[in-house]
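K.L.:
the following block contains a protein sequence and its predicted model.
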Amino acid sequence: MLPIQLFDPESSTYTYVLFDENTREALIIDPVDTQIERDLATLRQYGLKLVWAVETHAHADHITSAGQLAELAGARTAAPAGCGITTAAVQLQDGDTLNFGSQHILALATPGHTAGSMSYVWRGTDGQAHVFTGDTLLINGCGRTDFQSGSAEALYHSLTQVLFKLPDETTVWPGHDYQGRTHSTIGQEKAGNARVAGKSQAEFVAIMDGLNLPRPRRIDEAVPANLTSGLRHDAEGALLMQPRPAAGYAGDVSPELAWAWAQSGEAVLVDVRTDAEREWVGFVPGAVALSWKVWPGMALNPEFDDGLRKAVKPGQKTVLLCRSGVRSIAAARRATELGLEAYNILEGFEGDPDGNAHRGQKGGWRYRGLPWRQN
Ligand SMILES: [Fe+2]
């Protein structure tokens, strides 16, 4: 099984998505902020639940979307401890592993391009080994060492004593390529990499010192942003208005986005609570009332499928609302089975219970100040 390899032409960056075929839990390596829609769509397309957003280092040429993916897709962020990415939830040390389903990646400290740079080894279910090398090892090249705490000596050691010690057949997935090449192997790079193959440390250092590369165009903007996982001050408002991918249905949306879609006619808002709940607690004007479960005994509503088919026009999305966002997930899955593009509204009408088990104070449709009425 291969990783999903995605390319950002602007920065020539490769992003990788790895996943467990059974649990559909996924991990993304080096995501790029301007490609977040593509990446979220990829997760949706494959039915994946993102659990990790991981960096190989603090990049100088693009801004990461790791922080946004944490917000939108529920992933946790991880980064090498030596990179100073203080917002990453997990600070990785050499030898640490990150699990996704029954799969995991192993972190290898490979300093040189930057002092904190890491590579990640993944062994798929078929036993094939892969290594994600960031800017440490590129195809027939390597990352520069002349800024950002780089060291040609450290890079030589990481290449020859860490990466080239991996089995020859290990597939190399680089952080960049500028010539359309997608992957290589450790054996190939060990034998033929123009910078390092057959070179002594002194020769390698002389090559690196003589490169005289221009300063990266976006370094002043990118590095500080990447030290906070790419999150900027305006992020929260923007994040609110994007769906998050989910397993088994089109995604989760904030109450605000659901209302915006319902008002524009882009989506039909379906309230799946019981008639009694709507009566006692309140309802959303204009929402279609279609219970997911009905009394007596809260059995599944036999009218649900037909009611939904009648309520939603071709090409329209469906956004589903319940009390706290549990029944609406089940209903969104069912709606998806019926062929609809169905979204669960996060937090539901009443939100989560607080410390006293009272609802209404922790999120939810009413708490967010969206329109509702009571008879
Ligand atoms: Fe880099």
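P.N.:
Cool, got the structure.
K.L.:
residue of the chain with the smallest distance to the ion?
P.N.:
Distances from the chain to the ion, computed as C-beta to the ion, single out residue 135 as the nearest residue at 3.7 Å. Backbone N, C-alpha and C define where each C-beta goes, glycine included.
K.L.:
so for residue 237, what's the pLDDT?
P.N.:
With respect to pLDDT, residue 237 has a value of 56.
K.L.:
again with the one 4 residues further on
P.N.:
On pLDDT, residue 241 comes in at 79.
K.L.:
and if you look at residue 340?
P.N.:
The per-residue pLDDT reported for residue 340 equals 97.
K.L.:
isn't it right up against residue 313?
P.N.:
No: if you go by C-beta atoms under 8 Å, residue 340 and residue 313 don't touch, sitting 10.6 Å apart.
K.L.:
give me the residues contacting stretch 272-279.
P.N.:
Identification of contacts with stretch 272-279 by C-beta atoms under 8 Å, 6 or more residues apart in numbering yields 271, 281, 289-295, 298, 320-323, 327-328, 331, 349, 375.
K.L.:
buried sites along it?
P.N.:
Within stretch 272-279, the residues that count as buried by 16 or more other C-beta atoms under 10 Å are 272, 273, 274, 277, 278.
K.L.:
could you list which of these belong to strands?
P.N.:
Among these, the subset assigned to strands under DSSP state E is empty.
K.L.:
and the residues you listed as a markdown table, adding pLDDT?
P.N.:
Formatted as a markdown table, the buried residues of stretch 272-279 follow (pLDDT from 0 to 100):
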| residue | pLDDT |
| --- | --- |
| 272 | 97 |
| 273 | 96 |
| 274 | 94 |
| 277 | 92 |
| 278 | 94 |
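K.L.:
quick one: the helices in the stretch 151-300 of the chain?
P.N.:
With DSSP state H, counting those that start in this stretch as the criterion, the stretch 151-300 of the chain has helices at 152-157, 186-192, 201-209, 219-226, 235-240, 255-264, 275-281.
K.L.:
sorry, wrong one. I was asking about the stretch 1-150 of the chain.
P.N.:
Under DSSP H, counting those that start in this stretch, the stretch 1-150 of the chain gives helices at 36-46, 66-73.
K.L.:
residue ranges in the protein under the pLDDT threshold?
P.N.:
Filtered on pLDDT under 70, the chain yields the residue ranges 232-239.
K.L.:
ok, residue 340 and residue 313, which is more surrounded?
P.N.:
residue 340 (23 against 8; other C-beta atoms under 10 Å).
K.L.:
next one: that one from residue 309, what distance?
P.N.:
Using C-beta to C-beta, to the nearest Å, residue 340 is found at 9 Å from residue 309.
K.L.:
inside strands: which ones of the contacts of stretch 272-279?
P.N.:
Using DSSP E, those in strands are 271, 289, 293, 294, 320, 321.
K.L.:
what parts of the stretch 101-250 of the chain come near the ion?
P.N.:
Counting by C-beta under 5 Å from the ion, the residues of the stretch 101-250 of the chain lying close to the ion are residue 135.
K.L.:
now with 8 Å?
P.N.:
Residues of the stretch 101-250 of the chain lying close to the ion (C-beta under 8 Å from the ion) are 113, 114, 117, 134, 135, 143, 144, 148, 175, 176.
K.L.:
in strands, which of the residues you listed appear?
P.N.:
Per DSSP E, these map to strands at residue 134.
K.L.:
which among the residues of the stretch 101-250 of the chain next to the ion count as buried?
P.N.:
For these, buried by 16+ other C-beta under 10 Å: 113, 114, 117, 134, 135, 143, 144, 148, 175, 176.
K.L.:
for the last one, which non-adjacent residue is closest in space?
P.N.:
To tie it back to what came earlier, the one meant is residue 176. residue 12 (4.9 Å; C-beta to C-beta, 6 or more residues apart in numbering).
K.L.:
next up, the contacts around the residue positioned nearest the centre of the chain.
P.N.:
In the chain, the centroid-proximal residue (C-alpha atoms, centre = their mean) is residue 69; its distance is 4.2 Å. Applying C-beta under 8 Å, 6+ apart to residue 69 gives the contacts 28, 31, 36, 39, 50, 53, 75, 77.
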